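>>> fold the following and give me the result.
(2 chains)
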Number of protein chains: 2
Amino acid sequence: MEKINLAQAFATFSDYWSPRVAGDINTAQIKLAKFKGVFDWHHHEHEDELFLVVSGTLRMHFRDRDIDIEAGEFIIVPHGVEHCPEALGDECHVVLLEPNTTLNTGNVTNDRTVRAPSRI
Amino acid sequence: MEKINLAQAFATFSDYWSPRVAGDINTAQIKLAKFKGVFDWHHHEHEDELFLVVSGTLRMHFRDRDIDIEAGEFIIVPHGVEHCPEALGDECHVVLLEPNTTLNTGNVTNDRTVRAPSRI
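Model (predicted):
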């Protein structure tokens, strides 16, 4: 059991849209991810997903509106809700909290799907 | 579905050791709490518990050592592990992530037990 420093953990990887598992809380996981540009529209059939922004700005597109999430802010996207994350500006660093069954691309499978995210 | 700003949410309450529920992620919950002084030794029989420090310093006492967690750092205390949180200095603000069955005082019941935490 060790503490994790977010800045140090984010410094250990540089690829985008590839979440790293940073810990398990029963059936939930905390993951760290770097976002750049626009991801793909998707939803998660069963899993709710929390996005806590650590640096940069995350624009979460929904079908009916956009919400900009800044550092120190979070949003929970309920299961079933279509969303498309976009990093505004350069890149953004995000802490994800979600069930350990969550696939990053949800109902979509493409070359950005990460089936077995590595651990910090 | 709205974003939550942590600083604004922490500003809505001032009591210590009384977590507020800030959202549900399936069977997990995100809670916000202010700590001051020393809490009580306890463990959670089934629930793992994540402590992410937003401001101040959290000293987590374990039976064999202490770990100081600063802003931007987190620790996951596995179920069954005795721990006793202490805020060093003035107060510390903590984001908790844990199953929605988690009682703040774990296996102990006393006047700081919060059975039905209110929502932000």
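
>>> near chain B, which residues of chain A are found?
A:1-7, A:23-28, A:30, A:46-50, A:52, A:62, A:67, A:69-70, A:72-79, A:81, A:95, A:97-99 (CB under 8 Å from any CB of the partner chain). Using the backbone N, CA and C atoms, a C-beta is placed for each residue, glycine as well.

>>> which of these are buried?
Using 16 or more other CB atoms under 10 Å in any protein chain shown as the burial test, those include A:3-4, A:6, A:23, A:25-26, A:28, A:30, A:47-50, A:52, A:67, A:69, A:72-77, A:79, A:95, A:97-99 as buried.

>>> helix, strand, or coil at the residue most central in space within chain A?
In chain A, the centroid-proximal residue (CA atoms, centre = their mean) is residue A:96; its distance is 4.6 Å. When classified by DSSP: H, G, I helix; E, B strand; the rest coil, residue A:96 comes out as strand.

>>> so which residues of chain A form strands?
Assigned by DSSP state E, chain A shows strands spanning A:4-5, A:20-25, A:28-38, A:49-61, A:66-69, A:73-77, A:84-99.

>>> got the phi and psi for the closest residue to residue A:29 other than its chain neighbours?
In space, and not counting its chain neighbours, residue A:29 is closest to residue A:100: 4.6 Å by CB to CB, 6 or more residues apart in numbering or on different chains. Main-chain dihedrals, residue A:100, degrees, to the nearest 10: phi -70, psi 0.

>>> can I get the strands of chain A in a markdown table including mean pLDDT?
Putting the strands of chain A into a markdown table (pLDDT from 0 to 100) gives the following:
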| stretch | mean pLDDT |
| --- | --- |
| strand A:4-5 | 98 |
| strand A:20-25 | 97 |
| strand A:28-38 | 98 |
| strand A:49-61 | 98 |
| strand A:66-69 | 98 |
| strand A:73-77 | 98 |
| strand A:84-99 | 97 |
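
>>> so which of the ones you listed is nearest residue A:105?
With CB to CB as the measure, strand A:84-99 is the member of the strands of chain A nearest residue A:105 (10.9 Å).

>>> thinking again about what came up before, list the contacts for the residue nearest to the centre of chain A?
By CB atoms under 8 Å, 6 or more residues apart in numbering or on different chains, the contact list for residue A:96 reads A:19, A:29, A:30, A:31, A:32, A:33, A:49, A:50, A:51, A:52.

>>> pretty sure the fifth one is touching residue A:95, no?
Yes. Contact criterion CB atoms under 8 Å: residue A:32 and residue A:95 qualify, at 6.1 Å.

>>> which residues do the two both contact?
Counting by CB under 8 Å, 6+ apart, the common neighbours of residue A:32 and residue A:95 are residue A:6.

>>> tell me how far residue A:44 lies from chain B.
10 Å (CB to the nearest CB, to the nearest Å).

>>> for beta bridges, what are the partners of residue A:99?
Here residue A:99 sits in beta bridges with residue A:28, going by DSSP bridges.

>>> who's in contact with it?
The contact partners of residue A:99, taken as CB under 8 Å, 6+ apart, are A:27, A:28, A:29, A:46, A:47, A:48, B:25, B:26, B:28.

>>> distance of the residue of chain A positioned farthest from its centre from residue A:118?
Ranked by distance from the centre of chain A (CA atoms, centre = their mean), the top residue is residue A:1, with 23.9 Å. As judged by CB to CB, to the nearest Å, residue A:1 and residue A:118 stand 20 Å apart.

>>> noted, bye for now.
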